[in-house]
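Participant: Attaching a predicted model along with its sequence, questions to come.
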Amino acid sequence: MNHHYFHCDVPLSPAAQARIPVLQRIDLITVRIPYIRPFSTSVHTWAAKEALLLRLESDGVVGWGECVADPDPFYASETTQTVRHIFKDFLLPLITPGRTLAELLDSWSPARGHGMAKAMVENALLDLIARQQGVPLHQLLGLTARPIQSGVALGIQPSIPALLDAVADAMQRPYHRVKLKIMQGKDVEWVAAVRQAYPDLPLMADANGDYRLEHAPLLRELDAFGLTMIEQPLSYSDIVQHAVLQSQLATPLCLDESIHDLDDARSALALDAARIINIKQGRVGGMIESLRIAALCQQAGVGVWSGGMDETGIGRAFNLQLQAAPGFSVPGDTAETSRYFREDLVEPGVVLGDDGYIAMPSGPGIGVTVLEERVTRYTLNRERIL
C-alpha cells in the first residue's frame with residue numbers, strides 16, 4: 001500500500017474563488033432526445049436520452065448545466081427525481097450571491113453524496129460566470145486549450161457479427177480508441193473477434209460491474225488481447241476486491257463507478273486498485289472536484305480520461321473543457337454528436353478533425369450556443385424555480 005496518496009496536497013482550481021452572481025431566474029427543464037440507435041450496457045438498454053437541465057439567468061446572461069442522472073436507477077442510485085429533490089430542498093437554499101464557489105461547495109458537504117445533483121449546479125454556475133466574464137470555461141478553470149483526443153464506446157451488440165459491423169462503422173472515422181461493453185457470456189470470444197479483425201486498434205473493455213472476484217480466471221484470458229484497460233469489472237461500490245483482481249491481471253484495471261470523489265481516488269491509488277481512472281465530472285460532483293482527482297492521479301503517474309454519459313451537447317461541452325487539464329492522457333468517451341443524435345441542443349456539435357482530434361470550443365463559457373428553441377421542442381417538463 002502506498003500511504004503517500006492519503007496525505008499529498010491537491011489544491012482547488014482557481015475557479016473555486018469565483019463569486020456567485022445574483023440570479024434573476026432559475027429553471028429546471030427535462031428534455032428527451034431519441035438516440036439514433038439504442039445503447040445497451042450489461043445493466044440496461046436506453047432508447048433515448050432523458051436529461052435534466054438547469055438554466056440560470058443573471059443580468060441577461062444565461063448559464064446551463066446538465067445532470068447526468070437517468071430517470072431510472074439502473075446506472076446509479078441518483079435519478080432525475082432525486083436530483084430535483086436534493087437541488088430544491090438542500091442545494092438551492094445555500095446558493096448565496098457573493099460567496100465563492102469554494103464556500104458553496106463546502107456548505108454542501110453535510111449533504112452526503114448526490115454528486116450528480118451538485119455537479120449540475122456547479123456546472124451551470126461555472127458556465128454563467130465564464131459567460132459573464134467573456135472567457136472560455138477552461139480559462140476560468142486555469143487551463144490552456146488543446147486539441148482533445150476522441151474515443152467511441154460501443155454498447156452490447158446482439159451477436160459477434162453485429163459487433164464487428166459496429167466496430168467497422170466506428171472505424172470509418174479516425175477515433176483514437178474503441179471501447180467495447182462486455183458482460184458475462186459476451187466477453188472473451190467477442191473481444192477476441194474484434195482483436196483478430198483489428199490487431200493494432202487501441203481497445204478497451206467495459207464491464208459495468210458485471211463480474212465477481214471468482215471470475216478472475218476468465219478475466220485473465222483478456223490479457224491475451226493487449227487491451228488498454230478493463231473498466232469496472234467488479235461491484236460499483238468496491239475498491240478492495242479490484243486491488244486483489246489487479247494483482248492477478250497483466251491488463252490495467254480502470255475504476256469508474258467506484259470513484260465518487262477525491263477520497264475514493266486516494267484509496268484506489270493507495271491500494272493499487274486502479275492503474276487508470278475514468279473521471280465522469282457529472283458523477284464526482286463537478287469540474288472542480290474532477291480537476292483535483294486528475295491532479296492527484298498525475299502525481300501518481302496514473303492516467304485519467306473523461307467518461308461520457310451519452311450527454312446532450314451541453315454536458316458534452318463540459319467534458320471537452322475539462323480535458324484541457326494536463327492529467328487527461330488517455331482518449332476519453334468523446335465521440336461525434338452525429339453518433340448519438342440526429343439533432344442536438346447546441347451548435348456547433350462535436351466533430352472530429354482528419355487526425356481524430358476535437359477542437360476545443362473557443363466561445364465564452366462552455367463554448368457552444370444552446371439553441372433554446374430546440375430545448376423547448378424536446379422538453380417534457382419545465383419548472384420555474386425563481
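Facilitator: Perfect, I can see it now.

Participant: these two touch, right, L140 and A130?
Facilitator: Yes - assessed by CB atoms under 8 Å, L140 is found in contact with A130 at 4.5 Å. C-betas here are computed from N, CA, C, even on glycine.

Participant: Compare neighbour counts for these two and give me the winner.
Facilitator: A130 (26 against 22; other CB atoms under 10 Å).

Participant: Does that one lie in a helix or a strand, and which?
Facilitator: helix 115-133 (DSSP states H and E).

Participant: so where do the helices sit in this structure?
Facilitator: Counting by DSSP state H, the chain has these helices, from start to end: 4-7, 80-86, 101-108, 115-133, 137-140, 160-170, 188-197, 216-220, 240-246, 262-271, 281-284, 287-300, 313-322, 372-377.

Participant: Can you lay out those as a markdown table showing distance to P71 and mean pLDDT?
Facilitator: Listed next are the helices of the chain as a markdown table, based on distance: least, CB to CB, whole Å; pLDDT from 0 to 100:
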| stretch | distance to P71 | mean pLDDT |
| --- | --- | --- |
| helix 4-7 | 36 | 61 |
| helix 80-86 | 5 | 98 |
| helix 101-108 | 23 | 98 |
| helix 115-133 | 12 | 98 |
| helix 137-140 | 27 | 98 |
| helix 160-170 | 26 | 95 |
| helix 188-197 | 29 | 98 |
| helix 216-220 | 32 | 98 |
| helix 240-246 | 29 | 98 |
| helix 262-271 | 25 | 96 |
| helix 281-284 | 15 | 97 |
| helix 287-300 | 24 | 96 |
| helix 313-322 | 15 | 96 |
| helix 372-377 | 17 | 98 |
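
Participant: Surely Q248 is in contact with R220?
Facilitator: Yes - counting by CB under 8 Å, Q248 does reach R220; the two are 6.3 Å apart.

Participant: Neighbour count: these two, which is higher?
Facilitator: Using other CB under 10 Å, the more surrounded residue of Q248 and R220 is R220, with 15 against 12.

Participant: for the more buried one, what are its contacts?
Facilitator: R220 makes contact with Q248, L249 under the criterion CB atoms under 8 Å, 6 or more residues apart in numbering.

Participant: go again using 10 Å as the cut-off
Facilitator: V188, L245, Q248, L249, A250, T251 (CB atoms under 10 Å, 6 or more residues apart in numbering).

Participant: same thing with F328?
Facilitator: 146, 148-149, 279, 290, 294, 297-298, 303-306, 319, 322.

Participant: Give the buried subset of the residues you listed as a ChimeraX selection command.
Facilitator: Entered in ChimeraX, the line below selects the buried ones among those, by 16 or more other CB atoms under 10 Å:
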select :148,149,279,290,294,297,298,303,304,305,306,319,322
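
Participant: I'd like to know which of the contacts of F328 is nearest to S267.
Facilitator: Of all those, C297 has the smallest distance to S267: 12.7 Å, by CB to CB.

Participant: is it true that the closest one touches D264?
Facilitator: No - C297 is beyond contact range of D264, at 11.8 Å (criterion: CB atoms under 10 Å).

Participant: intersection of neighbour lists for these two?
Facilitator: In contact with both C297 and D264: A274, I277, using CB under 10 Å, 6+ apart.

Participant: Where is the longest strand in this structure?
Facilitator: strand 25-40 (DSSP state E).

Participant: Off-centre distance for it?
Facilitator: 16 Å (CA atoms, centre = their mean, to the nearest Å).

Participant: OK, contacts around the residue positioned nearest the centre of the chain?
Facilitator: With distances taken as CA atoms, centre = their mean, K280 lies nearest the centre of the chain, 2.9 Å away. By CB under 10 Å, 6+ apart, the contact list for K280 reads 68, 76, 115-116, 119, 256-257, 259-260, 290, 305-309, 311, 315, 319, 322, 332-333.

Participant: So for S40, which of the helices of the chain sits nearest?
Facilitator: helix 160-170 (11.1 Å).
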